[in-house]
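> pasting a predicted model and its sequence here:
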Amino acid sequence: MVLMASSRHEVGAKSFPLVIYIVVPLLALGLQSLLSLHLARFDLIDLPLLVTIYYAITQREPVSATLVGTVIGIAQDGLTHHALGIFGISKAVIGYMAASLGVRVDTENHGARLLLTFGFTLAQTAVLWMLQRHMLGQPYAWHGFHEIIRAAANALLGVFLFALLDLTRRTEY
Amino acid sequence: MESFFSRYRNALVLIAVLVAQVIGLAVQVRRPDPNSPDKGGVRLIRSWVVGVVTPPEMLLHGTGKGIRGLWSNYVDLIHVRKENKQLKSELDHLRLEEDSLAEDARQGQRLQALLGFREKYVYQTVAAQVIGTSGTEQSHVLLIDKGSRDGIKPDMPVITPDGIVGKTRDVFRHTSQVLEVSDATSGAGVILERTRIRGVLRGDTWGQPEIVSLSPDERIQRGEPVLTSGGDAIYPRGLAVGTVERVVPQPEGTLVNVLVKPAANLSRLEEVLVITSTGEEMPAEMQQDLGDAQQKASDVLAEKLPSRIDPNAPPDTQPDTSKESADDAVTPPVRPPQPLHPDHFTPSGTPPAAELVPGQKITNAQSSVEGGSESNAPQPPKPETSKPQTSKPQTSTPASPAPKPPRSAAKPKPKPTATPGDPAPKQNQTPGQQPPAPAQATPPQGGA
């Protein structure tokens, strides 16, 4: 089965140099802010989410993925005018889910990465919708087709971005 | 117990993290402080993030701006001369328009003073570069490169020459956040220019500004300009917001929302102006500008309008009587052409009223006999009805035969000859001044 891990090699945890843990999230936040200003509809893409998913599915450690997702999400909240914690909660949930699935799924496969990113993007939108609409009472509309387009765009970009980030990691057995 | 924590360690960590953040959210939502929405550590986190993210953005933005400036200022200068000529022509045209608008503005001020309405004028602005956005569709926030060090404070209006952009929200030392009018949590008081319907502008879930909860009105048409009303105490009154795009009914209820196409291109902003100071009186600079504009406009008007000496006009065969008439300040009257054969209707062919006998028939033969010598030499008509006493008939039309002096002392009352349509008084009249009254130009002087 394509999506199932079939060997110890495939479930081996991946680690990154410490500088990568710091630079890549900051770069994702900066590029997200800058490119949205100059490229129309770049706000469909969520680079911090892609980084969160990548760390989670490669480390396969739910606790660290939750914490990484929380930090990245709160940092992303800092760029918005929302209350701090909206993206923090959503990315913590996504990090936990991605790390939990990463243990059971072959995350080296590009098809699996595509599907996972597609699903996690929709899941984050659902968490955001629940938080903002029902917990904070703020306007947040769910536009079905638009969300599918957004998820597809993030999934496609995620495949290329994950392949790029694979170059920076080292495998531990 | 130990096995429980070790077994459910991951889930417990997730729950702990979520609970901590939910508590943090609850604190933020329950204790809003209008003066400082984020206090203590929360504010610090936001400040840290912005402080880390914005310097590289400013560096990249500055580099890109430098490259673009190098290209546009030194390389891409094709058609600049032609464009400069067009712009000068456009500037002349705009000066004339500005003069008209200045007069309208003064009239508006007088009316507002009568109504006791106080308008906010823009005293001071700070130009800022847009260096980033929030990066999400849910938050329409811009980052600008000016902060508290430059005099920026929260809730200051941010505009472009095209229209309003939003207002400042969180202000840091070197940067600031700007909440766009297209955000769902923003709000601005607006008024429709023609129908004078007031409303509140905010963004919808797609990020398009809309005026919410208006009563249905058929007068609201597509393309109607939308201006700030000044009622929100943030945006000065009269700034351009956009134009009406369409009217959509609300899902529930009978009210409608008016979708507005923003005047400023909110998706491609590079430079904005932050209004840092407003006042209730027109600033001295603006008053000086208006005065200068009027003076320049009058100069342009004098150059553009046909003058008494028009180089393109056909040559004037009539003698110049302006010098002589200038002494009298009276324009010579227009005389009808001489008749070839004087008849009953010829002005000079009728005897004076004092010589007429009731019941006596006046014939052409009689008049031709009486004026036989005159018929051979055509006599110009007497400009009695339009000539004041001070004019000298023999000098007013030297090219034509001298008119006969009036046979009778009874003269009709002279009419003022310098009418508002005459070009001469307009030469010295500025557009802003009232034209002189005809009676003042040539007062009647003892007609009869």
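Alright, I've got the coordinates.

> not counting its neighbours along the chain, what's nearest the closest residue to chain A within the stretch 1-150 of chain B?
Nearest residue of the stretch 1-150 of chain B to chain A, counting by Cβ to the nearest Cβ: B:Val49, 3.1 Å away. From N, CA and C alone the C-beta is placed, and that goes for glycine too. Using Cβ to Cβ, 6 or more residues apart in numbering or on different chains and skipping the chain neighbours, the partner closest in space to B:Val49 is A:Gly78 (3.1 Å).

> which pLDDT value belongs to that neighbour?
A:Gly78 carries a pLDDT value of 89.

> so the nearest residue to A:Ala75 once chain neighbours are set aside, which of the three states?
Leaving aside its sequence neighbours, A:Ala75 sits nearest to B:Val49 (Cβ to Cβ, 6+ apart; 4.8 Å). Recorded secondary structure, B:Val49: helix (DSSP: H, G, I helix; E, B strand; the rest coil).

> what's the neighbour count on B:Val49?
B:Val49 has 19 neighbouring residues, counting by other Cβ atoms under 10 Å in any protein chain shown.

> got it, and A:Leu18?
Residues within reach of A:Leu18, counting by other Cβ under 10 Å, total 8.

> quick one: mean pLDDT for stretch B:26-45?
In this model, stretch B:26-45 carries a mean pLDDT of 59.

> oh, that last question was meant for stretch B:255-262, not what I typed.
92.

> can you give me the helices in chain B?
Ranges of helices within chain B are B:2-7, B:9-30, B:40-70, B:80-115, B:284-304, B:322-328, B:364-370, B:372-376, B:393-396, B:438-441, based on DSSP state H.

> by contact count, what packs against the third one?
The criterion is 3 or more Cβ pairs under 8 Å, 6 or more residues apart in numbering or on different chains; DSSP states H and E, and the helices and strands that helix B:40-70 contacts are helix A:18-38, helix A:62-78, strand B:121-133, strand B:141-144.

> buried residues in it?
Within helix B:40-70, the residues scored as buried using 16 or more other Cβ atoms under 10 Å in any protein chain shown are B:42, B:45-47, B:49-50, B:53-54, B:56-58, B:60-61.

> hang on, the earlier thing: surely the residue of the stretch 1-150 of chain B closest to chain A and A:Gly30 touch.
No: judged on Cβ atoms under 8 Å, B:Val49 makes no contact with A:Gly30 at a distance of 10.4 Å.

> for chain A, which residues score under the pLDDT cut-off?
By pLDDT under 70, the weakly predicted segments of chain A are A:1-14, A:170-173.

> switch to 90 and redo it
The model of chain A has pLDDT under 90 over residues A:1-22, A:34, A:36-43, A:58-61, A:78-84, A:102-109, A:132-144, A:166-173.

> where along it do the helices fall?
Taking DSSP H as the criterion, chain A contains helices spanning A:8-11, A:18-38, A:47-59, A:62-78, A:86-104, A:110-129, A:144-166.

> for B:Ala354, which of these is the nearest?
B:Ala354 lies closest to helix A:18-38 among the helices of chain A, at 93.9 Å (Cβ to Cβ).

> may I have that closest one exported as CSV, CA atoms only?
Taking Å, rounded to 0.1, in the frame of the first residue of the first chain, the C-alpha atoms of helix A:18-38 are listed here in CSV:
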residue,chain,number,x,y,z
LEU,A,18,18.8,24.2,14.6
VAL,A,19,19.2,27.2,12.3
ILE,A,20,16.7,25.6,9.9
TYR,A,21,14.1,25.4,12.7
ILE,A,22,14.4,29.2,13.1
VAL,A,23,15.1,30.5,9.7
VAL,A,24,12.5,28.6,7.7
PRO,A,25,9.5,29.7,9.8
LEU,A,26,10.7,33.3,9.8
LEU,A,27,11.3,33.1,6.1
ALA,A,28,7.8,31.7,5.6
LEU,A,29,6.2,34.5,7.6
GLY,A,30,8.2,37.2,5.8
LEU,A,31,7.6,35.8,2.4
GLN,A,32,3.9,35.4,3.2
SER,A,33,3.7,39.0,4.2
LEU,A,34,5.8,40.4,1.4
LEU,A,35,4.5,38.3,-1.6
SER,A,36,0.9,38.9,-0.6
LEU,A,37,1.6,42.6,-1.2
HIS,A,38,3.0,42.2,-4.7
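
> hey, what's B:Gln129 bridged with?
When bridges are called by DSSP bridges, B:Gln129 pairs up with B:Glu271.

> am I right that it is in contact with B:Leu142?
No: using Cβ under 8 Å, B:Gln129 makes no contact with B:Leu142, being 10.4 Å away.

> so which of those two has more stuff around it?
B:Leu142 (26 against 16).

> could you count how many residues lie near the nearest residue to the more buried one once chain neighbours are set aside?
Spatial nearest neighbour of B:Leu142, excluding adjacent residues (Cβ to Cβ, 6+ apart): B:Val178 at 4.2 Å. A count of nearby residues for B:Val178, using other Cβ under 10 Å, gives 29.
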